[in-house]
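# Build me a structure from this.
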Amino acid sequence: MEKKPKILIVEDDTDSMLGLSVILQKEGYLTVFAQDGATALEKAKTEFPDLMILDLGLPSGDGHFVLFTLKKLKRNETVPVIVLSARPAEFNEQHVRNMGAVAYFEKPADIPRLLDVIRTEIDAISEMGAALSS
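Okay, the predicted model is just below:
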């Protein structure tokens with residue numbers, strides 16, 4: 001049986017987090033959650049997600065801090081991070097991309113586009129893993 005990719009959703013709004021989780025689970029992904037920056041970093045270390053969806057406006061360590069710190073952790077530095085935020089892209093997108101995020105979506109997100117980016121990133125991870133094991 002093939003391992004389901006695990007996505008860490010970092011979102012302080014419970015309704016948004018649960019709604020996104022339902023969509024991702026229907027697409028065949030496992031989901032884990034964090035509602036603040038400190039918990040996000042802890043879950044990144046203990047859950048070993050394949051991908052992270054990160055809000056910027058978080059209590060206890062905002063999304064910029066989480067992204068910066070995550071990219072410094074050896075085990076998580078290659079985890080693709082998609083930022084999903086209510087903050088305007090024109091002020092934040094280039095900054096988070098420079099920090100290592102693979103994509104930036106303003107809320108409410110274009111779900112089909114978001115799922116396309118997730119699939120692309122997960123496929124790239126799968127292909128890299130297959131290449132390393134052969």
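# Which residue lies nearest the spatial centre of this protein?
residue 52 (1.7 Å; CA atoms, centre = their mean).
# residues in contact with that residue?
7, 8, 9, 10, 40, 44, 70, 79, 80, 81, 82 (CB atoms under 8 Å, 6 or more residues apart in numbering). All C-beta atoms are positioned from the backbone trio N, CA, C, and that covers glycine.
# try residue 56
By CB under 8 Å, 6+ apart, residue 56 lies in contact with 62, 63, 64, 83, 85, 87, 92, 96.
# Give me the three-state assignment for it.
coil (DSSP: H, G, I helix; E, B strand; the rest coil).
# Model confidence for it, exactly?
Residue 56 is assigned 94 on the pLDDT scale.
# Ignoring the adjacent residues along the chain, who's closest to it?
Using CB to CB, 6 or more residues apart in numbering and skipping the chain neighbours, the partner closest in space to residue 56 is residue 63 (3.5 Å).
# do you know how far the closest residue to residue 36 other than its chain neighbours is from residue 110?
Spatial nearest neighbour of residue 36, chain neighbours left out: residue 60 (4.1 Å); criterion: CB to CB, 6+ apart. Residue 60 sits 29 Å away from residue 110, going by CB to CB, to the nearest Å.
# re earlier: who does the residue nearest to the centre of the chain bridge with?
Under DSSP bridges, the beta-bridge partners of residue 52 are residue 8, residue 81.
# tell me how far stretch 10-29 is from the chain's mean position?
Centroid displacement of stretch 10-29 relative to its chain, using CA atoms, centre = their mean, to the nearest Å, is 11 Å.
# Need the residues that contact it.
Outside stretch 10-29, the residues that reach it (CB under 8 Å, 6+ apart) are 4-7, 9, 31, 33-37, 40, 52-55, 57-59, 63, 66, 84, 107, 111, 115, 118, 122.
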